[in-house]
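K.L.:
I would like to see how this sequence folds:
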Amino acid sequence: MAASTRGMKRALKKAMSPSLVVILGATGTGKSKLAIEIGKRLRGEIISADSMQVYQGLDIITNKVSAGERAQCCHHMISFVDPLVSNYTVVDFRNKAVSLDIDDMHHQDKLPIIVGGTNYYIESLLWRVLMDTGREDLVDGAGEDNDRKLELEKLGGAELHKRLMEVDPKMGAMLHPNDKRKIARSLQIYEETGVPHSSWLEEQRGQRGGDGLGGPLRYPDPCIFWLHADMNALGERLDARVEEMLSSGLIEELGDFHARLNQQRVQDDSQNYQHGIFQSIGFKEFHDYLTAPESSTPQEREALRGRGIEALKVATRRYARKQNKWVRNRFLKRPGDSVPVVYGLDVTDVERWEETVLNPALQILDSLRKGEEPLFPPIRVQGAELTNKRSRHTCDLCDKVIIGDMEWAAHLKSKKHHFHARKKLKSDTTTNDQSHFTDSPLATDAGTQTNPSEFSQDDQSAH
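P.N.:
A predicted model of the protein is given here:
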């Protein structure tokens, strides 16, 4: 009886434990550092959810963990894809990470720790966002055969969108006419399956546990940490990291990689910085430097090098903002039934890292494993409402199509929209003034009074 009771307690404790830990945050916030510390203490193993780190090479620019760090805690999904492979997809990543890594860790009573990284890689592990159709590679948009999708992408956006509206008007209404990659993906899905992409998505959202944002969670009760920092402090830290990369041999790494794998492509005018490892932040920023003519003077090469460094810093900061925006939009501003809570950890002050990051994270995990309420509450944006991120809006003033309620609200507040609104108001006012001057009795009979209401309606509509 005692043994049975102990077994039940272990099973209950295991059921209440987080199924996995996910560490989110902008580049440069120390996600890997926290993951390693958690892994060492809680029998954890780390899964990198970074679309560039799966490729062999460019270890510095993709910020892979060092050999010493990997020795402290077992890492997965790093440096196993040939850099010349251009059709490695999120489906390939998901299949390997789920079946060979996460499930295996659960069987060994180890804690999977996902560190990202790349938004759609993380989503593929957290949610059942890829349909199990036998051709789910197509539903995600990039399968073994990328040729058709690439062929479609060569067409103009207007032509692509017209084709999609003919076969899948619901999806066409949800996608911006200029979003060639997503439109091509939807067309490819229809061509290969005979079923509109929108129908696949509706079926996915209709699964038990699914909602308007997608399918149900893949694993119950994940623990999600968001490492965030003051953007000014993070920006300085990112600039310093670029300088550290340069000291570690970044330029030499890029030069060697270019000479081995990209130089011939440039000569054949076939280089492509939109697929595979060649889309890494940093590689295209140094394109002009790497391809400078041999006749270039040292001063010219140094100027190109400097421009590449500045471009890398700008791109890195931009990517950090994009990562934070995704966390806010996906987890905080659009909470659905299948969106887990997020615990925020402030990494602004690196001198207080244990106090503000490590210790709170360990306390939260300990409480969750015991089935208790953590002392540190999760983040919840007050007043957040579920909004339609696929709704279609047309702004006649700006001659733009806006997809998504939040994007539409942001557009209405933008300087560009206000500029066009003021311009139209001024134009309408001038037209109305001229019309009233020529058509009103005031223009023909100075002794006739004009009803003020004749003007009030035009004034209200102008505003």
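K.L.:
quick one: pLDDT of K413?
P.N.:
Model confidence at K413, given as pLDDT, is 81.
K.L.:
meant to ask about I36
P.N.:
98.
K.L.:
grab the nearest non-local neighbour of it.
P.N.:
C73 (4.8 Å; Cβ to Cβ, 6 or more residues apart in numbering). Bear in mind the C-beta positions are built from the backbone N, C-alpha and C, glycine included.
K.L.:
OK, contacts around the one you found?
P.N.:
35-36, 39-40, 44-46 (Cβ atoms under 8 Å, 6 or more residues apart in numbering).
K.L.:
repeat the analysis, applying 7 Å as the threshold.
P.N.:
C73 is in contact with 36, 39-40, 44-46, counting by Cβ atoms under 7 Å, 6 or more residues apart in numbering.
K.L.:
which one of those residues is nearest G371?
P.N.:
Nearest to G371 among these: G44, at 19.3 Å, using Cβ to Cβ.
K.L.:
which residues sit in contact with that closest one?
P.N.:
G44 touches 38, 73, 110-111, 113, counting by Cβ under 7 Å, 6+ apart.
K.L.:
going by neighbour count, which of the residues you listed comes out on top?
P.N.:
I113 (30 neighbours; other Cβ atoms under 10 Å).
K.L.:
ok, which stretches of the stretch 301-450 of the chain are helices?
P.N.:
353, 359-370, 405-412, 415-439, 441-444 (DSSP state H, counting those that start in this stretch).
K.L.:
number of residues surrounding E373?
P.N.:
E373: 9 neighbours (other Cβ under 10 Å).
K.L.:
got the contact list for it?
P.N.:
Taking Cβ under 7 Å, 6+ apart, we find E373 in contact with S367.
K.L.:
how about it, phi and psi?
P.N.:
E373 adopts backbone torsions of phi -80, psi 120, taken as degrees, to the nearest 10.
K.L.:
and of the contacts of G44, the nearest to V195?
P.N.:
Among these, and counting by Cβ to Cβ, the member closest to V195 is I113, at 36.8 Å.
K.L.:
wait, that closest one touches I38, no?
P.N.:
Yes - in this structure I113 lies within contact range of I38 using Cβ atoms under 7 Å: 6.0 Å.
K.L.:
who touches both of the two?
P.N.:
Listed as contacting both I113 and I38 by Cβ under 7 Å, 6+ apart are 21, 44.
K.L.:
returning to what we had before: mean pLDDT lowest where, among the helices of the stretch 301-450 of the chain?
P.N.:
Across those, the lowest-scoring stretch is helix 441-444, with a mean of 37.
K.L.:
state the distance from the most centrally placed residue in the chain to L238.
P.N.:
Among the residues of the chain, the one closest to the centroid is N119, at 4.1 Å (Cα atoms, centre = their mean). Remark: distance between N119 and L238 (Cβ to Cβ, to the nearest Å) = 18 Å.
K.L.:
my guess is N262 contacts S270, does it?
P.N.:
No - counting by Cβ under 7 Å, N262 sits too far from S270 to count as a contact (9.9 Å).
K.L.:
got the domain ranges for the chain?
P.N.:
144-206, 234-316, 392-462 (automatic domain parsing).
K.L.:
distance of the closest residue in space to H258 that isn't next to it in sequence relative to K423?
P.N.:
Among residues not flanking H258 along the chain, L290 sits closest, at 4.5 Å (Cβ to Cβ, 6+ apart). Distance, L290 to K423, using Cβ to Cβ: 45 Å.
K.L.:
higher neighbour count, these two?
P.N.:
Between L290 and K423, L290 has the larger neighbour count (other Cβ under 10 Å), namely 21 against 11.
K.L.:
who touches the more buried one in this structure?
P.N.:
254-255, 258.
K.L.:
E45 looks like it's in a strand, true?
P.N.:
Yes - secondary structure of E45 (DSSP: H, G, I helix; E, B strand; the rest coil): part of a strand.
K.L.:
would you check that it makes contact with I36?
P.N.:
No - contact criterion Cβ under 7 Å: E45 and I36 do not qualify, at 10.6 Å.
K.L.:
correct me if wrong: F331 contacts Y343.
P.N.:
No - contact criterion Cβ under 7 Å: F331 and Y343 do not qualify, at 10.8 Å.
K.L.:
who has more neighbours, these two?
P.N.:
Legend: neighbour count by other Cβ under 10 Å for F331 and Y343, higher for F331 (22 against 18).
K.L.:
now that one: closest residue in space, sequence neighbours ignored.
P.N.:
F331 sits nearest to V342 (Cβ to Cβ, 6+ apart), 4.9 Å away.
K.L.:
need the CA coordinates for stretch 42-50. PDB is fine.
P.N.:
Presented in PDB, the C-alpha positions along stretch 42-50 are these (Å, rounded to 0.1, in the frame of the first residue of the first chain):
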ATOM      1  CA  LEU A  42      16.700  20.300 -12.900                       C
ATOM      2  CA  ARG A  43      17.900  17.400 -15.200                       C
ATOM      3  CA  GLY A  44      17.100  19.500 -18.200                       C
ATOM      4  CA  GLU A  45      18.300  19.300 -21.800                       C
ATOM      5  CA  ILE A  46      18.200  22.200 -24.200                       C
ATOM      6  CA  ILE A  47      16.500  22.400 -27.600                       C
ATOM      7  CA  SER A  48      17.700  25.300 -29.800                       C
ATOM      8  CA  ALA A  49      14.700  26.800 -31.700                       C
ATOM      9  CA  ASP A  50      16.800  29.000 -34.000                       C
END
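K.L.:
understood, closing this out.
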